[in-house]
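*Asks:* here's a sequence, model it:
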Amino acid sequence: MIDNLSLGLSHGLMLLAAFLLLRRPDLDHEPGPNDAPKPRKPKRWGKPGA
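*Replies:* Have a look, this model is predicted:
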């Protein structure tokens with residue numbers, strides 16, 4: 001019983017991780033050499049340029 005529970009839990013978590021990774025929008029777009037880079041978001045932590 002414990003073996004089935006641990007196998008089910010570990011495989012369920014791997015399935016969840018794969019599902020969340022495949023839903024990422026940046027997997028569908030590969031930037032070309034002439035594309036402009038995206039502007040970066042300001043960081044929440046630390047000082048800029050530190």
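*Asks:* the residue nearest the centre of the chain and residue 15: what is the separation?
*Replies:* For the chain, the residue lying nearest the average C-alpha position, counting by C-alpha atoms, centre = their mean, turns out to be residue 21 (5.1 Å). Using C-beta to C-beta, to the nearest Å, we find residue 21 at a distance of 11 Å from residue 15. The way it works is simple: take the backbone N, C-alpha and C, and place the C-beta from them, glycine included.
*Asks:* so where's this structure shaky on pLDDT?
*Replies:* Counting by pLDDT under 70, the ranges of the chain that qualify are 43, 46-50.
*Asks:* ok, now with 80
*Replies:* Within the chain, the stretches with pLDDT under 80 are 1-2, 26-31, 37-50.
*Asks:* so which residues of it form helices?
*Replies:* Per DSSP state H, the chain carries helices over the ranges 2-22.
*Asks:* for residue 2, what are its contacts?
*Replies:* For residue 2, no residue meets the contact criterion (C-beta atoms under 8 Å, 6 or more residues apart in numbering).
*Asks:* distance of it relative to residue 9?
*Replies:* 10 Å.
*Asks:* how about residue 17?
*Replies:* Counting by C-beta to C-beta, the gap from residue 17 to residue 9 is 13 Å.
*Asks:* do residue 29 as well
*Replies:* When distance is defined by C-beta to C-beta, residue 29 is 34 Å away from residue 9.
*Asks:* before we move on, what about residue 23?
*Replies:* Taking C-beta to C-beta as the criterion, residue 23 is separated from residue 9 by 22 Å.
*Asks:* and for residue 35?
*Replies:* Distance of residue 35 to residue 9, given as C-beta to C-beta: 42 Å.
*Asks:* swap in residue 38?
*Replies:* If you measure residue 38 against residue 9 using C-beta to C-beta, the figure is 38 Å.
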